[in-house]
Every structure is written in structure tokens, then in C-alpha cells.
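S.K.: from the sequence below, what's the structure:
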Amino acid sequence: AGLANVPCCAPGPRLGFAPTSTSNVTLTSVGGMTLAHNVTGPTGVTLTDTGASAVLEHSGGNISTTNANISLVADNMWLHSGSNTITAGTGNITVRPNNTSGTIRLGPTPYNTAAGSLDLDSSELNAFGTANTLIIGGASHSGAIQTSGSAAFSNPAGNILVATNGNINVQASSSLSYTGTSGNLTLSATSGSISGGGSLTATNVRLLAANGIGSTAAPVHVAGTATNLTANNTASGQVVVRASSGDLNLVSSLSNTGTGGVELSAADGSINSGTVAVSSGGALSMIANATGTTARTLTVGTGGLSASGAVTLLSADDLSINGNVSSGGGAVTLVAGNASGMTLVSKATEPSDTDGGVSINAKIVAGAGNISIYATESVLQPNNNTSLAGLQTTGTLTVRTYNDTPQGAKIDRVDIDQIAYDG
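M.R.: Got it, this is the predicted structure:
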């Protein structure tokens, strides 16, 4: 039982359509749909199966438009026509269940139509080709989205948007990857959270949620040579992201308006906040760790950092403050390097060496909070800073260097030019 609503042209042996250049294709079924031949809708294709247990199957041919949108809506899908067989040019492709509260699982194997969820494995995800945006779920979807096993997008040249008004769970031991170098991999849980200890791999990762992005116990992991990260959380929970490999570069924005705080770390990489104004409704920490001799640095860019709690910045090697840092009265702790004498302070992990200087080129404002600065090399504030006092606290100011061995011709020293201190 079903309904095929096609503006022109009769069906082929099973279902295959080729309308005129100004036509679209809309097919609606309540009992399953099998597409075994080409479906061409120059101005759009919409395929919908409203049956609760029915399957939308694409077993042969191509589904295509001429730079127009494609929409596939069904609670179960089996897309096995091959790679790059559902193409929209510069149009968007949307894939979602008919049941807007249904679960979507990305990457499960083997394919299982009885799972009670819309399951899409990597081969099915790579059937899609668009230079615009591939949307999994979308603004009307409220069900959970999960990663299960390994899911990879390799064909879309544009953006990937995994979106729901519910929760997204990047499950531990699972991964979601996108090989595009210019597009974004975006996870959006507009009224929910992004959780789980799994891994995301893409050049550009955007994480948008209301009730938390990762947690201290289960961070959202990103991986790659370098990840350009945007993360925004609007209501409650933490923002906790860990680069399990490579550098972490902040772009566009990074904020948590809830009180859960922000924690960013790199297992073996540098962190650079660039021009992003990083903000946290709670505490804020950034930790750039190292596992070898390659320098891993932490740079607070010109956008600066603001928090309503303690600010902790730990770098395996050099630490640079190029934008204002404000803790809202919380303690501010800066630690660069890892020397054997640093037994009473938290520090980044690194094979012990003598590399780790602190350069302060902007204000650090702690209010009543303490400011503590520890380094294995020099702690420097250039005297050409024309702003008011660079270090501002009514608490305790502690500055200490640990390395007795100069780095080349450079003598390790403390050189702080501008201080406002009343402790």
C-alpha cells in the first residue's frame, strides 16, 4: 500500500523517474518503498515512508537533483546502491525518521531494521554527495542520536550537521569522522546535551548544546593533526573537550553560559584560543600536555578569557597571555613546563625538561583571588605595555621560576613591570 505523487512521467519497471528540468519528485508510501532505478528531480526529491516498521530501500540507480534539496524520511532505511548515489549538487540532503522522536544510530553493524531505530552505517552515509549540507535529523527531530561503532563521512564536500532537539551520545569506543577539509562537522543538541567518551575526527568541529558538552568523567574527544573547535553551551552542564591527538585551535566562539565550567585539554598538542573571546559561567581550565620532546604550547589569543571561577592554564612548554584574563574573583594559576621541583603545583604532563616560559602581554584580573605563576624558564611582562597594571589582585601574588640552568644565552628571570597588588 502506498502513494506515488510524481509531477510527470510514468514509473519504470520498479520505481524510476526522469521528470523535466523544472519538475520535482515526491513519493509517499505507508508500506515500504524500494527504489531500484534512477530517480531524478531537477528541482527537488522528497521520499517519505510513514509506515512504523516499513523500510525505504535504495537498491540501484541514482537519486539526484540539479542543485536542489533531497529529503529522505523513513523510520528504517537500507541504502545499498553504492557510494555517491544520492547527490544534490549544491542542494541540502536531509535524512531523518518519520517518527520525530525516534532514535538515530550512526555506524552500527550489522544493519538491523528490527532495532527500533534508524540505523545508518558508513557505507550508507557515503551514498550521500552534496557541496552544501548533509543533515542527519534536523530542527524537527527530537529523538536521541547515537554513534555506535565507527561511522565515517567521506563523500560530502560541504558540511555535516547532526542535529536534534534531544540528546546526542558519542558513545565510548565509538567514532564519527569526516574527511572534508573545508566543511564543518556539527553536532547540535539545541535542547539537550552532547555526551559520551567517543571520538570526533574532522578539521572543523562545531559542538552546540543546551545542557552540557561532555563531562570531566567522559569528555568529548576530538582527534587529528589539528582540530578547529567551536563549542557553545547555553543552559546547564559542563563543556569538556579533549584533543586525544593533535593541536586544538579555537575558532568562531567558545562559551558556556551555565555554571558547569569549561575544560579544554590536549593529550599531546598545543592549544591556541586565537581571536575567540572564551567565556565560562564557572571555572575555566586549559591544559596542553606533551608525550615527547616536540614543544607543546598554550596561547591565550587576543580574544582573551573570562570566567566566574578559578582560571587554570597549564602548558607543557611555553605559555603566552596575549588577551585579557579575568576570573571574576577566582584564583588564577599559570604553570609552564615541568621541573622536578614543581611538587606542590598542578602541571601539564611532559617528560621533565627546562622548556617553559610565561609571557604576559595583557591584563590578568583576579579580584580577591590569588594569582600564582610558576615556570621552568623566565616569567616576563614587556615594559612597553601601555595598559594599566597587568596583574591585578587583592589576594596573594606568587611568581616562581624553577630552572637553575639557563636556556642557551637566555638567563631565566622574573621581570614583571606593572602590578596592582593589595594583599
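
S.K.: following element in sequence after the lowest-mean-pLDDT helix or strand in the chain, please.
M.R.: Every helix and strand of the chain was ranked by mean pLDDT, DSSP states H and E. The lowest is strand 2-5, at a mean of 38. Remark: after strand 2-5, the chain's next helix or strand is strand 25-29, criterion DSSP states H and E.

S.K.: so what does that next one touch, helix or strand wise?
M.R.: The contact analysis (3 or more CB pairs under 8 Å, 6 or more residues apart in numbering; DSSP states H and E) places strand 25-29 against strand 2-5, strand 39-40, strand 45-49. The C-beta positions use only the backbone N, C-alpha and C, and glycine is treated the same way.

S.K.: can you list the strands that it pairs with?
M.R.: Strand 25-29 has its sheet partners listed here by DSSP bridges as strand 2-5 (antiparallel), strand 45-49 (parallel).

S.K.: where along the protein do the helices fall?
M.R.: Counting by DSSP state H, the chain has helices at residues 122-125.

S.K.: what's the lengthiest strand in it packed up against?
M.R.: In the chain, with assignment by DSSP state E, the single longest strand is strand 247-256. When contacts are defined as 3+ CB pairs under 8 Å, 6+ apart, strand 247-256 packs onto strand 226-233, strand 239-243, strand 262-266, strand 271-272, strand 278-280.

S.K.: how far is it from where the chain is centred?
M.R.: 9 Å (CA atoms, centre = their mean, to the nearest Å).

S.K.: repeat for stretch 164-180
M.R.: That offset, for stretch 164-180, works out to 10 Å (CA atoms, centre = their mean).

S.K.: swap in stretch 270-280?
M.R.: With CA atoms, centre = their mean, you get 14 Å for stretch 270-280.

S.K.: neighbours around Gly93, how many?
M.R.: Heads up, residue 93 is Ile, not Gly. Using other CB atoms under 10 Å, Ile93 has 25 other residues around it.

S.K.: residues in contact with it?
M.R.: Asn69, Ile70, Ser71, Leu72, Ile86, Phe128, Thr130, Thr133, Leu134, Ile135, Pro156 (CB atoms under 8 Å, 6 or more residues apart in numbering).

S.K.: if you set the cut-off to 6 Å instead, what comes out?
M.R.: Ile70, Phe128, Thr130, Leu134 (CB atoms under 6 Å, 6 or more residues apart in numbering).

S.K.: buried ones among those?
M.R.: Those of the contacts of Ile93 that meet the buried threshold are Ile70, Phe128, Thr130, Leu134, by 16 or more other CB atoms under 10 Å.

S.K.: farthest-apart pair in those residues, please.
M.R.: Ile70 and Leu134 (9.6 Å; CB to CB).

S.K.: if we can go back for a sec, out of the contacts of Ile93, which are inside strands?
M.R.: Going by DSSP E, the strands hold Ile70, Phe128, Leu134 from the contacts of Ile93.

S.K.: of the helices and strands packed on strand 247-256, which is nearest Ala151?
M.R.: Per CB to CB, nearest to Ala151 of these: strand 226-233, 17.5 Å.

S.K.: which strands or helices does the closest one pack on?
M.R.: strand 204-209, strand 239-243, strand 247-256 (3 or more CB pairs under 6 Å, 6 or more residues apart in numbering; DSSP states H and E).

S.K.: how far off centre is that strand?
M.R.: The answer for strand 226-233 is 5 Å, by CA atoms, centre = their mean.

S.K.: just want the angle from it to strand 262-266.
M.R.: Between strand 226-233 and strand 262-266, the angle comes out at 170 degrees (axes from the mean of the first three to the mean of the last three CA atoms, to 10 degrees).
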